[in-house]
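Participant: I need the structure of the sequence given here:
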Amino acid sequence: MAATGAATESQSKYDGEYDVIVAGSGVGGLAAAITAAERGARVLVLEKLDQLGGVTALSSGVLWPGPNPVSENAGFHDTADEAQAYMDTLSRGLAKDDLRLSYLAGGREAIQYFTDKIGVELQVIAGVPDYYYPSVQGSKPDGRFLEGKPFAASRLGDWASKVLTSPHGPSFSYVTGSEWAASQTGQENFNIVQVVTQHVQQDERCGGAGLSAAFVYAALQHHVEFRTSTALADLIVEDGRVVGVVAEPQGQESNGDSDNKATNPLPLRLRARRGVILAVGGYDWRKDLMQAFDGLKEQDMTTMTPPSITADHLVVAAKVGAIPIPARLPGQSPIFVGYRVPGEVVFGHASSRLLLAGSPHSIIVNRHGRRFANDAFYADVVQQVTRYDGGGGVDGGGLGSSGDSKAKPKSNSLLHWPAWLVFDQRMLDKYGLAPSAPGQPLPAGLAIQADSLAELAERAGIDPAGLTATVQRYNGFCENGTDPDFGRGTYPWSALMVGDYRLKNANMADLAQAPFYAVPLVHVSLGIGTAGLPIDRDGRVLTPVSKPVPGLYATGNSTAWQDWGGGYTSGVAAMRGMIYGHRAALQMTKDKDADVSSKL
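Facilitator: Numbering: from 1, shown residues only. This next block holds a predicted model:
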């Protein structure tokens, strides 16, 4: 019996037949494709964009696998118990025990497989601590983050132009995490501009762009086939099992040969003998879902993901009885704060930038002009800006100008939103604010500017007295380099990200030199939402009664983060993609060691 709503004409002619079809070409989809192909399957990857790599290619490409052979071979000691303790705290009781354990086991397994058997070259990002080191049990000062080694795009041949790099400039795709960390700590004779220039000249891709290039290369080596500019439109179901997809070419689609493109508006019916893997990312461009699952209003949010991230996995999976579930609470997802950049266009849409808060000479305040979080630690800021006061009664509303909690009527609204980044001229001169380099002016319209804090507050819509008192109090803290209100600068991770090690506290310096600036903040999503499809340890998509949908698998940000619950750290998104993509492909091909097609 075919599922209602899915394509069901089982006797209809197929436009192509494969063993495994993967929707999405981020690292999760590519990991699945490589694993299945290495085991003899004929594999097709569908990609909605005209280039490969997905959100992975636009990211830092960091991996957090837990204990793994790459870190061990580099001399770092870690244990599953320590990693599990760290995950336990971050998950806030919302993770499923079996999936948390499978993440750690699968992390070691995937790293071993892709380095030893496939030949992907990974390295430790030296000098980068866990986010919550040293305050959380099981955290480590170094050795847990991995990245791909620089990948020479020339190895891809004509495919090099078919793999995404960041549209935000070479510093995103042409510098490794290790090189960036070295520049942040001021290592002697290290010139980051020179390093980036060399990588660009040699087209050595780093970060997410490099990781994606390495995985595309491995896929091509194992004869994986690609269709770009082709969207997943539906699933084909026969007798209750997913056996294929309906794919819709988006204008010009290509198999990688730039001279062999054709406009084909007709949907394609493609058979998948072993099943289909959903790896299309999240739902960032579905504003209705961002509000429903993450509590974010359209006017307050933007995204750095490409416009292909439109919840295709949720649409097709719903037709076969699988529905998304939230793995955590709104505010626990890594939906950062950032700001819009007037006049900057990326993927044909207005651009925004992620704010790595915590630069000296800057603070984040609410409409009352008050600080409300450790504003050098994004996780604290993200949680606080999503706090809802509930309406009725009174609420403390954060620290007042004297440091005392000031009771005020609840307003049935977000307690600390809207919010602004406030800074002085020295922050711009010393550290800059993307896309402006240090000492360069900001794009017109990005910030509100004034010669005094009171005037700045008036122009921005912030309480002038509150802002003036807050800055005065904060400047006093900067004299000793300690923040008794919120503990700014106490995490080594914050110091490394945006700190200045020449200061008493790498994240603290006063706001005193006019002009002063205020940048209105927005929520910036990076592809990781609160909800996703539930899966088991082998990537099988589950129905609401926890039964697998035969023939349907998912990985990466298309799945619910039930292994991490309310927790997040850099490197988990890509690592989850690798783990469950790899395990799904193993499950799909588990009864074969040679050619799949020949046995079907």
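Participant: How far does stretch 110-118 sit from its chain's centre?
Facilitator: When C-alpha coordinates are averaged (Cα atoms, centre = their mean, to the nearest Å), stretch 110-118 and its chain have centres 23 Å apart.
Participant: Other residues contacting it?
Facilitator: 31, 34-35, 38, 63, 65, 68-70, 120-122, 146, 218, 575, 578-579, 582-583 (Cβ atoms under 8 Å, 6 or more residues apart in numbering). To be clear about C-beta, it is placed using only N, CA and C from the backbone, and glycine gets the same treatment.
Participant: Can you point out the buried residues in that stretch?
Facilitator: 110, 111, 113, 114, 115, 118 (16 or more other Cβ atoms under 10 Å).
Participant: can I get the residues you listed in JSON lines with secondary structure?
Facilitator: Output for the buried residues of stretch 110-118, formatted as JSON lines (DSSP: H, G, I helix; E, B strand; the rest coil):
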{"residue": "110", "secondary structure": "helix"}
{"residue": "111", "secondary structure": "helix"}
{"residue": "113", "secondary structure": "helix"}
{"residue": "114", "secondary structure": "helix"}
{"residue": "115", "secondary structure": "helix"}
{"residue": "118", "secondary structure": "coil"}
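Participant: still on that earlier bit, filter the contacts of stretch 110-118 down to the ones in helices?
Facilitator: Taking DSSP state H, the ones among the contacts of stretch 110-118 that sit in helices are 31, 34, 35, 38, 69, 70, 218, 575, 578, 579, 582, 583.
Participant: Can you select the buried ones from the residues you listed in PyMOL?
Facilitator: Provided next is the PyMOL selection string for whichever of the ones in helices among the contacts of stretch 110-118 are buried by 16+ other Cβ under 10 Å:
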select buried, resi 31+34+35+38+70+218+575+578+579+582+583
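Participant: ok, so of the ones in helices among the contacts of stretch 110-118, who is nearest residue 175?
Facilitator: residue 70 (19.8 Å; Cβ to Cβ).
Participant: Name the nearest residue to the closest one, sequence neighbours excluded.
Facilitator: Leaving aside its sequence neighbours, residue 70 sits nearest to residue 122 (Cβ to Cβ, 6 or more residues apart in numbering; 5.0 Å).
Participant: does the one you found have beta-bridge partners, and which?
Facilitator: Residue 122 forms beta bridges with residue 148, as assigned by DSSP bridges.
Participant: Tell me which residues touch it, please.
Facilitator: Per Cβ under 8 Å, 6+ apart, neighbours of residue 122: 63, 70, 111, 114, 115, 146, 147, 148, 149.
Participant: and those residues as CSV, adding pLDDT and distance to residue 506?
Facilitator: Output for those, formatted as CSV (pLDDT from 0 to 100; distance: Cβ to Cβ, whole Å):
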residue, pLDDT, distance to residue 506
63, 99, 26
70, 99, 29
111, 99, 32
114, 99, 35
115, 99, 34
146, 99, 25
147, 98, 23
148, 98, 28
149, 98, 29
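Participant: quick one, domains of this structure?
Facilitator: The record's domain parsing of the chain by automatic domain parsing lists 1-328+529-600, 336-525.
Participant: Would you mind finding the most buried of those domains?
Facilitator: domain 1-328+529-600 (a mean of 21; mean count of other Cβ atoms under 10 Å).
Participant: would a markdown table of the buried residues of stretch 110-118 with distance to residue 460 be doable?
Facilitator: Shown next, in a markdown table, are the buried residues of stretch 110-118 (distance: Cβ to Cβ, whole Å):
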| residue | distance to residue 460 |
| --- | --- |
| 110 | 47 |
| 111 | 47 |
| 113 | 52 |
| 114 | 48 |
| 115 | 50 |
| 118 | 52 |
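Participant: Quick one: end-to-end length of stretch 501-515, please.
Facilitator: 25 Å (Cα to Cα, to the nearest Å).
Participant: can you check stretch 492-506 too?
Facilitator: Span of stretch 492-506 from end to end, Cα to Cα: 9 Å.
Participant: average pLDDT for that stretch?
Facilitator: Mean pLDDT, computed over stretch 492-506, is 95.
Participant: same thing with stretch 266-281?
Facilitator: pLDDT averaged over stretch 266-281 gives 97.
Participant: Give me the spatial nearest neighbour of residue 225, chain neighbours excluded.
Facilitator: Residue nearest to residue 225 in three dimensions, not counting chain neighbours: residue 44, with 4.9 Å by Cβ to Cβ, 6+ apart.
Participant: what's across from that neighbour in the sheet?
Facilitator: Beta-bridge partners of residue 44, as defined by DSSP bridges: residue 21, residue 225.
Participant: Just list the residues touching it, thanks.
Facilitator: With the criterion set at Cβ under 8 Å, 6+ apart, residue 44 makes contact with 16, 18, 20, 21, 22, 224, 225, 226, 227, 270, 272.
Participant: Please report the distance of the fifth one from residue 466.
Facilitator: Right, residue 22. Distance, residue 22 to residue 466, using Cβ to Cβ, to the nearest Å: 52 Å.
Participant: Likewise for the second one?
Facilitator: When distances are taken as Cβ to Cβ, residue 18 and residue 466 turn out to be 61 Å apart.
Participant: now swap in the last one and tell me
Facilitator: With the distance defined as Cβ to Cβ, residue 272 ends up 59 Å from residue 466.
Participant: do the fourth one as well
Facilitator: Between residue 21 and residue 466 the distance is 56 Å, computed by Cβ to Cβ.
Participant: do the same with the third one
Facilitator: Plainly put, residue 20 is 58 Å away from residue 466 if you go by Cβ to Cβ.
Participant: Over to residue 246. Which of the three states is it?
Facilitator: strand.
Participant: Tell me the pLDDT of it.
Facilitator: 98.
Participant: ok, now residue 192?
Facilitator: As predicted, residue 192 sits at a pLDDT of 88.
Participant: cool, residue 285 as well?
Facilitator: pLDDT, read off for residue 285, is 95.
Participant: List the contacts of it.
Facilitator: Contacts were defined as Cβ under 8 Å, 6+ apart; by that measure residue 285 touches 303, 305, 307, 308, 309, 310.
Participant: what's the answer for residue 501, then?
Facilitator: Residue 501 is in contact with 185, 186, 495, counting by Cβ under 8 Å, 6+ apart.
Participant: so which of these would you say is closest to residue 430?
Facilitator: Nearest member of the contacts of residue 501 to residue 430, counting by Cβ to Cβ, is residue 186, at 13.3 Å.
Participant: From residue 180, how far off is the closest one?
Facilitator: Counting by Cβ to Cβ, the separation of residue 186 from residue 180 is 12 Å.
Participant: do residue 281 as well
Facilitator: Counting by Cβ to Cβ - residue 281 and residue 180 are separated by 25 Å.
Participant: Please apply the same query to residue 242.
Facilitator: Separation of residue 242 from residue 180 (Cβ to Cβ): 42 Å.
Participant: Residue 385 contacts residue 420, correct?
Facilitator: No. At 11.1 Å, residue 385 does not count as touching residue 420 under the criterion of Cβ atoms under 8 Å.
Participant: Now the common contact residues for these two.
Facilitator: Common neighbours of residue 385 and residue 420 (Cβ under 8 Å, 6+ apart) are residue 521.
Participant: Residue ranges in the protein under the pLDDT threshold?
Facilitator: Scanning the chain with the threshold set as pLDDT under 70 gives 1-12, 188, 252-265, 390-412, 592-600.
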